[in-house]
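**Student:** got a predicted structure plus its sequence, pasted below:
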Amino acid sequence: MVPINYYVLLSALLFTTGVIGVLTRRNVMIMFMSIELMLNSANLALVAFAQARNDIEGQILTFFVITVAAAEVAVGLALLVGIFRTKRTINVDDISTMKG
């Protein structure tokens, strides 16, 4: 049996990687993938704690987080396609909705 500390450490490393990806990258696709990485690290922690407590509520909450992540991807990609059609770029620095 793997100790819960290893799962929490892996979850923290994944979350940190996701935060660094969001803060340093300017490509919207990379930012979306980093957000997904952060959500999946939270899922890993939820499932690990649910397993440690022999409780199913953390795993149920994980399904809701996965649903929210899927909705975020669908809406985000739809917005990204719409912006790319008008601006011809997916670089965050080049996209400004205030310019017109």
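**Tutor:** Great, that's in hand.

**Student:** sketch out the low-pLDDT regions of the chain for me.
**Tutor:** 95-100 (pLDDT under 70).

**Student:** helices along the chain, start to end?
**Tutor:** Remark: helices assigned in the chain by DSSP state H are 4-24, 28-53, 57-87.

**Student:** okay if I get the ones you listed as JSON lines plus mean neighbour count and distance to residue 94?
**Tutor:** No exception for glycine: its C-beta is placed from N, CA and C like everyone else's. Shown next, in JSON lines, are those (neighbours: other CB atoms under 10 Å; distance: least, CB to CB, whole Å):
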{"stretch": "helix 4-24", "mean neighbour count": "14", "distance to residue 94": "17"}
{"stretch": "helix 28-53", "mean neighbour count": "18", "distance to residue 94": "10"}
{"stretch": "helix 57-87", "mean neighbour count": "12", "distance to residue 94": "7"}
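
**Student:** got these as TSV, with distance to residue 93 columns?
**Tutor:** Compiled in TSV, these are given as follows (distance: least, CB to CB, whole Å):
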stretch	distance to residue 93
helix 4-24	13
helix 28-53	11
helix 57-87	12
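
**Student:** what sits against the nearest residue to residue 49 once chain neighbours are set aside?
**Tutor:** In this structure, residue 49 finds its nearest non-sequential neighbour in residue 58, 5.4 Å apart by CB to CB, 6 or more residues apart in numbering. The neighbourhood of residue 58, defined by CB atoms under 8 Å, 6 or more residues apart in numbering, consists of 46, 47, 49, 50, 51.

**Student:** quick check: the gap between residue 51 and residue 73.
**Tutor:** Separation of residue 51 from residue 73 (CB to CB, to the nearest Å): 26 Å.
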